[in-house]
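Student: here is the input, now give the coordinates:
(one chain, ligands or ions: 1)
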Amino acid sequence: MYDLLLKGGALLDPASGVNQQLDVAIAGSRIQAIAADIAPSEAARVISVKGCYVTPGLIDLHTHVYDGITQNGVDPDIAGVYAGVCTVVDAGSGGSHTIGGMARYVIPKAKTRVLALVHIARTGLAFTPELFSRQDIDVPATIAAIQANKPHVLGVKIRLVGPGVRDMGAEAVRLAKQATRETGTRLMVHIGDPDSFVSPDTTRQMLKLVERGDIVTHFFTGNTANILDANGRVYPEVREALEAGVTLDAAQGRFNFSFDAARRIIDQGYRPHCISTDLTIPGRHTLVGSLTEVMSRFLALGFTLEEVVRMTTVNSARAIDMESTLGTLALGREADISVLKLVDGDFLYHDNKGATLRGNRGVVPLLTVRAGAPMPLDYGPRAGGWLPEAP
Ligand SMILES: [Zn+2]
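Tutor: Got it, this is the predicted structure:
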């Protein structure tokens, strides 16, 4: 006897290549059966997901969920299970001096799986810009914080933003890399400086310092020190980083997404591995919306549904080295499942450079199953719920 049966949906699992109508049965917290027609009588509870896509639990690789500690931090379940997302990675909201509260106060009360990166700035994003000088970086304390907060903390975050990075240049990245090397973890680097403190050379030098497993986020930023030269050409260092095994993430955020930059980068043959929100409280109600809305925006940019699901499931799992537990639906695995619907309509998207894009398909979440438990959804960030804004 199963505890839960998701019946009649189209299973879309890019990791295994499956895209067909299949039922999924769950016992306890685990996936127990995936088959064409599982009898409803075999399950204590049956949820019809006809007309929907059943995907591996979505992973949002770049969020800010240090709720109550940083001003903009959103409740992890608002970014997570109430939005169709099973796992969120907090990207450096806490620094070495403040990250301890994540495991003590945020993670235990969240239904969503919460992972984190510790900011190389001592106090994380409690106050921004977070790096004013070399004094804001304490490498030994960062190493100690990673060791004290395993397995929740997966590595280090740095933002190439503000006066400290202007003065230190790539030395700031070198210090962050020292902390990741000594702990065997990864670095996530935010590129794109809305205040133009940071020199484009710093981005180019950074791209030479990142290694296999590191993540470059805001791949489609249109701000200073992004990945495009003055003629709009992608720096050759991006190709080298890609070949070295660096993950490219196109987190949206409120300030680092440009349709023009995205088109130039795509036209030159580059595509990000992952897409994520960079969700904050203000971002949720303005440009960003939700992870499913960011997925819709990528459909409008020309990506396929299979691609955007891949970029929010198996690719994100791979980016945090959790492919053996997350990112695909397989027998015996923990039942983290997102149920999504593709809705036809007329939708409008804004970037942070004043450009707009129209789309005609919206991805909306219908149900989250986290470790076998079906979760209710929130209403959604827009007047129309989860649907992107109408023109
Ligand atoms: Zn961020």
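Student: the ion contacts on this protein?
Tutor: Ala91, Asp278 (CB under 5 Å from the ion). C-betas here are computed from N, CA, C, even on glycine.
Student: got the CA coordinates for the lengthiest helix in the chain in CSV?
Tutor: In the chain, with assignment by DSSP state H, the single longest helix is helix 171-183. Output in CSV follows, covering the C-alpha atoms of helix 171-183 (Å, rounded to 0.1, in the frame of the first residue of the first chain):
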residue,chain,number,x,y,z
GLU,A,171,42.6,39.9,-4.4
ALA,A,172,39.2,39.6,-2.8
VAL,A,173,38.4,36.6,-5.0
ARG,A,174,41.8,35.1,-4.1
LEU,A,175,41.0,35.3,-0.4
ALA,A,176,37.6,33.7,-1.0
LYS,A,177,39.2,30.9,-3.0
GLN,A,178,41.6,30.3,-0.1
ALA,A,179,38.6,29.6,2.1
THR,A,180,37.0,27.2,-0.4
ARG,A,181,40.3,25.4,-1.1
GLU,A,182,41.0,24.8,2.5
THR,A,183,37.5,23.4,3.1
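Student: what's the burial count for the residue of the stretch 201-350 of the chain at minimum distance from the ion?
Tutor: Closest contact between the stretch 201-350 of the chain and the ion, by CB to the ion, is at Asp278 (4.1 Å). Each residue near Asp278 was counted by other CB atoms under 10 Å, and the total is 26.
Student: wait, it touches His64, no?
Tutor: Yes: taking contacts as CB atoms under 8 Å, Asp278 lies within contact range of His64: 7.1 Å.
Student: and for the two, which residues touch both?
Tutor: Listed as contacting both Asp278 and His64 by CB atoms under 8 Å, 6 or more residues apart in numbering are Ala91.
Student: still on that earlier bit, ok, the residue of the stretch 201-350 of the chain closest to the ion - contacts?
Tutor: Contacts of Asp278 (CB under 8 Å, 6+ apart): His62, Thr63, His64, Ala91, Thr217, His218, Ala251, Gln252, Gly253, Arg254, Asn256, Val288.
Student: got TSV for these, with secondary structure and distance to Tyr349 too?
Tutor: Formatted as TSV, the contacts of Asp278 follow (DSSP: H, G, I helix; E, B strand; the rest coil; distance: CB to CB, whole Å):
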residue	secondary structure	distance to Tyr349
His62	strand	18
Thr63	strand	19
His64	coil	21
Ala91	strand	22
Thr217	strand	19
His218	coil	17
Ala251	coil	15
Gln252	coil	10
Gly253	coil	14
Arg254	coil	13
Asn256	coil	15
Val288	coil	10
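Student: what about the helices in the protein?
Tutor: Applying DSSP H to the chain gives helices spanning 76-79, 100-101, 139-148, 162-168, 171-183, 200-209, 236-244, 259-267, 281-285, 291-300, 305-310, 314-319.
Student: got a pLDDT number for Pro376?
Tutor: Model confidence at Pro376, given as pLDDT, is 88.
Student: residues in contact with Gly8?
Tutor: Contact analysis of Gly8 by CB under 8 Å, 6+ apart lists Gln21, Asp23, Ser48, Val49, Lys50, Gly51.
Student: ok, the third one touching Leu5?
Tutor: No: under the contact definition of CB under 8 Å, Ser48 does not touch Leu5, with a separation of 9.4 Å.
Student: so for the two, which residue has more residues nearby?
Tutor: Legend: neighbour count by other CB under 10 Å for Ser48 and Leu5, higher for Leu5 (24 against 12).
Student: quick check: closest non-adjacent residue to the more buried one.
Tutor: Once flanking residues are discounted, Leu5 sits nearest to Ala43: 3.6 Å by CB to CB, 6 or more residues apart in numbering.
Student: once you drop chain neighbours, what's closest to Leu387?
Tutor: Closest to Leu387 by CB to CB, 6+ apart is Gly362, at 5.0 Å.
Student: and that neighbour, how many neighbours?
Tutor: 25.
Student: contacting residues for it?
Tutor: Contacts of Gly362 (CB under 8 Å, 6+ apart): Thr292, Glu293, Ser296, Leu342, Val343, Gly345, Phe347, Trp386, Leu387, Pro388.
Student: neighbour count for those - can I get that in TSV?
Tutor: Output for these, formatted as TSV (neighbours: other CB atoms under 10 Å):
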residue	neighbour count
Thr292	27
Glu293	27
Ser296	28
Leu342	16
Val343	16
Gly345	13
Phe347	23
Trp386	25
Leu387	19
Pro388	26
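Student: okay, strands next: where are they in the stretch 251-391 of the chain?
Tutor: Secondary structure of the stretch 251-391 of the chain (DSSP state E, counting those that start in this stretch): strands at 337-350, 356-370, 373-375.
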